[in-house]
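Asker: no FASTA, just this:
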């Protein structure tokens, strides 16, 4: 390997190592932690992804409405656990110090007083960072091969005073069922969430019969034009999502079921008469000849019957003889029975009898 190639490879390795050390940051666990403070707990423990040193800098403290309530250094910072000795190097300093990955940071009593005076529950520390100054950050890492030390950009540390309030969980409070007449062109249902700023969306709409409109999509419309109660499907579902932002407490889903109402829209298709079709001569007037029943796709329908031949009469659904028969005058007779359902649909059938 010639000197030039060795120089390229060595430079590349140094550049790679330097790029890796520049990634000075809190660990994800520290970023995800909300620290509890109290009159007896004024220290927070943070962990970085590499060895670093804390420099005395003013950090800013904010309430939950992002109003600054203090600007101050920590009263003390103590390294925890294993340390290394390494150089911190910048424009105007180059010093060997003990570096740690974990640090205990203790807040001044004045900062604690400002937090208590604010009266809220949630607070945040925005760590010092100013890239245009000599001291750019709260945390500095080790110098690699004489290069300037990496430093951590501004980061947020979340705090709660004494306890963290449990966020109100978003819920959909409107009913999750409603009914619609079969073949109804447009039925609307108002969606309501526990947070009035929530926006609604459809996440599952297998039938394709549902749509959203209105403010924040809070009007759910069911188009039932192509529905039929007499089909196998008598209800339809849609899954609705409400959201106010990120986080499990700010998103929720609800499955809404629409149940079809059966309309009396079907015509009777058959009339059945039970009983003997042979009538004995001299059978007495008023004798019951059989029972009428009707086939109709509409459930719970009502039926009335009429006879075209006045020699028969119908009492509810009972067919009765309305005269005395004489075999010498007639050996057979017939009648057409008309059934009318509750919505005035009709069906006819002729029945023949032998005397």
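Answerer: Looks like it came in fine. If you're wondering where the values come from, they're calculated on a predicted model, not measured in any experiment. Numbers count the residues shown, from 1 in each chain.
Asker: what's the span of stretch 66-81, first residue to last?
Answerer: This stretch, stretch 66-81, spans 34 Å end to end (C-alpha to C-alpha, to the nearest Å).
Asker: what sits against residue 55?
Answerer: 135, 137-140 (C-beta atoms under 8 Å, 6 or more residues apart in numbering). The way it works is simple: take the backbone N, C-alpha and C, and place the C-beta from them, glycine included.
Asker: what do you get for residue 152?
Answerer: Shown in contact with residue 152 (C-beta under 8 Å, 6+ apart): 24-26, 48, 52, 127, 129, 137-141.
Asker: change it to 6 Å
Answerer: Taking C-beta atoms under 6 Å, 6 or more residues apart in numbering, we find residue 152 in contact with 24-25, 137, 139.
Asker: Can you pull the phi/psi pair for it?
Answerer: Note on residue 152: its backbone torsions stand at phi -90, psi 130 [degrees, to the nearest 10].
Asker: cool, and residue 29?
Answerer: phi -60, psi -40.
Asker: Any figure for the gap between it and residue 102?
Answerer: For residue 29, the distance to residue 102 (C-beta to C-beta, to the nearest Å) stands at 11 Å.
Asker: likewise residue 195?
Answerer: 39 Å.
Asker: Repeat that for residue 76.
Answerer: 15 Å.
Asker: higher neighbour count, these two?
Answerer: Neighbour count, other C-beta atoms under 10 Å: between residue 76 and residue 102, residue 102 has more, with 18 against 13.
Asker: what about the residue nearest to that one when sequence neighbours are not counted, helix or strand, and which?
Answerer: In space, and not counting its chain neighbours, residue 102 is closest to residue 80: 4.2 Å by C-beta to C-beta, 6 or more residues apart in numbering. Assigned by DSSP states H and E, residue 80 belongs to strand 76-90.
Asker: Which elements pack onto that strand?
Answerer: In this structure, strand 76-90 packs against strand 43-54, strand 93-106, with contacts taken as 3 or more C-beta pairs under 6 Å, 6 or more residues apart in numbering; DSSP states H and E.
Asker: tell me the angle of the last one relative to strand 76-90?
Answerer: Pointing back at strand 93-106 there. With axes from the mean of the first three to the mean of the last three C-alpha atoms, to 10 degrees as the basis, strand 93-106 and strand 76-90 are set at 160 degrees to each other.
Asker: picking that back up, export the contacts of residue 55 as CSV, with columns for distance to residue 299.
Answerer: Below are the contacts of residue 55 laid out as CSV (distance: C-beta to C-beta, whole Å):
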residue, distance to residue 299
135, 83
137, 76
138, 75
139, 75
140, 80
